[in-house]
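Asker: Structure, please.
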Amino acid sequence: MKAEETAASIKEFFNEFDRIRKGDVTPEEVAKSRESLRTEMIQSFTGLGGVLGAAAALVEAGLPFETLATDAAAMQSVTPADLNTLAAAALRSRWCAGARGRQGRDP
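Answerer: Residues are numbered from 1 along each chain as shown. Model prediction:
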């Protein structure tokens, strides 16, 4: 990848952060995110290793197996307003504060 392409990609990345910070998550983006999460959840159970890995993660977190059904159901009711609120909190997080310092501007 060339330096110009990298710079343009980074600029677009920060433009997306600016857009999200303004609370501009659309219903279409919510639907796409919902479907992506659903697909990832289903794919995480591929094969015995996937099933055991998912079960182990729940046990390690101290969560019941019903958590999977609860999470799947909850994903269906997420709204753009919900994601806009969560995004604002995430962009104020400690991780983003570190990125801000390294880049010289808000992520």
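Asker: next one: the lengthiest helix in the chain to chain centre, how far?
Answerer: Using DSSP state H, we find that the single longest helix of the chain is helix 3-21. Between the centre of helix 3-21 and the centre of its chain there are 17 Å (C-alpha atoms, centre = their mean, to the nearest Å).
Asker: what mean pLDDT does that helix have?
Answerer: Taken as a whole, helix 3-21 has a mean pLDDT of 84.
Asker: Show me what that helix is packed against.
Answerer: Packing partners of helix 3-21 (3 or more C-beta pairs under 8 Å, 6 or more residues apart in numbering; DSSP states H and E): helix 80-91. No exception for glycine: its C-beta is placed from N, CA and C like everyone else's.
Asker: Now the helix it packs on: average pLDDT?
Answerer: The pLDDT scores in helix 80-91 average 86.
Asker: roughly how far apart are Leu37 and Leu68?
Answerer: Distance of Leu37 to Leu68, given as C-beta to C-beta, to the nearest Å: 12 Å.
Asker: Phi first, then psi, for Val78.
Answerer: phi -70, psi 140 (degrees, to the nearest 10).
Asker: Was I right to think it contacts Glu29?
Answerer: No: between Val78 and Glu29 there is no contact, the gap being 10.9 Å when judged by C-beta atoms under 8 Å.
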